[in-house]
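quick one: sequence and predicted model below, then my questions.
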Amino acid sequence: MDLTDLEDLIPEEITGACGLLAPFIAYMFIAISIIINRSWFNWADYALSHLGEVGTSYNYIFNAGLIIAGILGIIFVFGLLEYVEDITGYYGVVFIGAGMVFLILVGLFPMGRGPHFWVSVLFFITSLSGITAFGVDQIWDLVEPVWGTFILSSVVLSIATVGLVTTIPYEIGAAIPEFIGTIPIMQFTLVFGARMYLE
């Protein structure tokens, strides 16, 4: 079985639904965690991972949200194979899938456990690299290059915004840059999830 056969393992409606649900689940659980810990958590001084830190009250809510979103993301990735144009797209799909695995690991190894920092960093690196490669692949599709343009502009805008945030003349925590970094991932899964579900 090669990669082109994998797209037939799961119905496209299911992969699309998972793409739509993954960011909703992640953001909903993060929002609940912020509300529960509103007495101490603020965006300026903390990382989002502090909500799932070992010893934090109800940290399992934050971590469970990431694990569930990662599992849904892995299922979503199978549907992306339908849209691949060449080898660049396959590399993109593999990296996006790896990013979803690292997202699960962020939930399994919350802040306070050894691998947390590295699995968090690798989640962003592999996810954004994969989405970028997938976007480049979509540019080659001369029939609908708008999808590649959308993906790449979203990634570039997010990276530029994080760069601007780091120029703020006082120290801030990681929560704001982390949230900005998730926006192109969220947009990507929502848009392609909708395409899979509706087409």
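Ah, there it is. Every value quoted in this text rests on a predicted model; they were computed, and no experiment measured them.

the residue of the chain positioned farthest from its centre and residue 178, how far apart?
The C-alpha centroid of the chain is most remote from residue 169, which lies 28.5 Å away (Cα atoms, centre = their mean). When distance is defined by Cβ to Cβ, to the nearest Å, residue 169 is 20 Å away from residue 178. Any C-beta I mention is one placed from the backbone N, CA and C, and that applies to glycine too.

quick one: mean pLDDT over stretch 171-178.
For stretch 171-178, mean pLDDT is 85.

run through who's touching that stretch.
43, 44, 45, 46, 47, 48, 49, 50, 162, 165, 166 (Cβ atoms under 8 Å, 6 or more residues apart in numbering).

mind checking which of those are buried?
Listed as buried from the contacts of stretch 171-178 are 46, 47, 48, 49, 50, 162; burial here means 16 or more other Cβ atoms under 10 Å.

beyond the helix or strand of the chain with the lowest mean pLDDT, next helix or strand please.
Counting by mean pLDDT, DSSP states H and E, the weakest-scoring helix or strand in the chain turns out to be helix 3-6, with a mean of 55. Using DSSP states H and E, the helix or strand that follows helix 3-6 in sequence is helix 12-36.

tell me which helix or strand comes right after whatever helix or strand residue 72 lives in.
Using DSSP H and E, the element containing residue 72 is helix 59-80. Sequence-wise, the next helix or strand downstream of helix 59-80 (DSSP H and E) is helix 87-108.

the helix or strand following that following helix - contacts with which helices or strands?
Where DSSP H and E defines the elements, the next helix or strand beyond helix 87-108 is helix 116-139. With contacts defined as 3 or more Cβ pairs under 8 Å, 6 or more residues apart in numbering; DSSP states H and E, the packing partners of helix 116-139 are helix 87-108, helix 146-165, helix 175-198.

the ones you listed: which one's closest to residue 60?
Closest to residue 60 of the helices and strands packed on helix 116-139 is helix 87-108 (Cβ to Cβ; 9.2 Å).
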